[in-house]
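Participant: Pasting the sequence and the predicted model now:
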Amino acid sequence: MKRTVIVACDFPNMDTTLRFLDSFTGEKPYVKIGMELFYGAGPEIVRELKRRGHGVFLDLKLHDIPNTVKSAMSVLRDLGADIVNVHAAGGIDMMKAAAEGLTRPDGTRPLLIAVTQLTSTDQARLTNELLIDRPLEQVVISYAKNARAAGLDGVVCSPLEAGMVHEACGGDFLTVTPGIRFPDSDTGDQKRVTTPERARELGSDFIVVGRPITRAADPAAAYDRCVREFC
């Protein structure tokens, strides 16, 4: 799968999102629909973006008991999203249930990936708040191995861990990496960040880029810059 830039459309409603995407006059970007937009616009936002020709990563990070996640995935599976995710912290049984629920009667399903650790988490937070006393990189790799064992297609991790995930889980195991900033960008609430160019060097398959594009004076130009530096 070729390297891809995903634009995080973290907007509160459909109208704002569509106006933003209408500013892209060339290639239709792959987009991420997170909780804010999905809760504000509902499932129709996925269908509308697919009608307009966008690839869609539905980033809802499901994390619950296996039966609940399986049932939720059976509702999401026919929306048309290309990638759907869960939290790897839910465990192997939950991830297996997610895959079962996401699989259509004909045996097909969207790509299913698992969040390892949020890019806003650093070692201090992992140890002091989450009470996980292992090195962060070790936790990420362990969660990635669990996702692989559950039959998932990849994980969400920071670009800093992408190469380690590929080494542990195989080159075909996808790494979807937020925490992308230009050298001159504010990192905001992200802790484990890098540039698009460095993410490519580290082995990311997809980068998810939000504020450096969505809050840019010229979003289309910022997107094109990401594509040039990453792809």
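Facilitator: Great, that's in hand.

Participant: Identify the residues contacting the closest residue to Pro66 other than its chain neighbours.
Facilitator: Among residues not flanking Pro66 along the chain, Ala97 sits closest, at 3.7 Å (C-beta to C-beta, 6 or more residues apart in numbering). Heads up, the C-betas are built off the backbone N, CA and C, glycines and all. Counting by C-beta atoms under 8 Å, 6 or more residues apart in numbering, Ala97 touches 66-67, 69-70, 73.

Participant: So which of the residues you listed wins on neighbours?
Facilitator: Within those, neighbour counts (other C-beta atoms under 10 Å) peak at Val69, which reaches 25 neighbours.

Participant: just checking, it touches His87?
Facilitator: No: with contact defined as C-beta atoms under 8 Å, Val69 does not count as touching His87 (9.4 Å).

Participant: Now for those two: what residues contact both?
Facilitator: 62-63.

Participant: Provide a complete list of residue ranges assigned to helices in the protein.
Facilitator: 14-22, 35-41, 44-51, 66-76, 92-102, 123-128, 136-149, 159-169, 196-202, 211-214, 219-230 (DSSP state H).

Participant: now what about the fourth one, what contacts it?
Facilitator: Meaning helix 66-76. Helix 66-76 is touched from outside by 58, 60, 62-64, 84, 86, 90, 93-94, 96-102, with contacts defined as C-beta under 8 Å, 6+ apart.

Participant: quick one on the thing from earlier: out of the helices of the chain, which gets nearest to Pro29?
Facilitator: Closest approach to Pro29 among the helices of the chain is made by helix 219-230 (5.9 Å; C-beta to C-beta).

Participant: distance between that closest one and the chain's centre?
Facilitator: Relative to its parent chain, helix 219-230 has a centroid offset of 18 Å by C-alpha atoms, centre = their mean, to the nearest Å.

Participant: and the angle from it to helix 159-169?
Facilitator: Interaxial angle, helix 219-230 versus helix 159-169 (axes from the mean of the first three to the mean of the last three C-alpha atoms, to 10 degrees): 50 degrees.

Participant: residues of helix 219-230 that come out buried?
Facilitator: Neighbour counts using 16 or more other C-beta atoms under 10 Å place 219-220, 222-227, 229-230 of helix 219-230 among the buried residues.

Participant: Stretch 162-169 too?
Facilitator: Buried positions in stretch 162-169, judged by neighbour count with 16+ other C-beta under 10 Å: 162, 164-166, 169.

Participant: Now render those as CSV, adding pLDDT and distance to Ile132.
Facilitator: Compiled in CSV, these are given as follows (pLDDT from 0 to 100; distance: C-beta to C-beta, whole Å):
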residue, pLDDT, distance to Ile132
Ala162, 96, 21
Met164, 97, 17
Val165, 98, 18
His166, 98, 23
Cys169, 98, 20
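
Participant: just these now: which is nearest Ile207?
Facilitator: Nearest to Ile207 among the buried residues of stretch 162-169, with distances taken as C-beta to C-beta, is Ala162, at 9.6 Å.

Participant: wait, isn't that closest one in contact with Arg200?
Facilitator: No: if you go by C-beta under 8 Å, Ala162 and Arg200 don't touch, sitting 9.7 Å apart.
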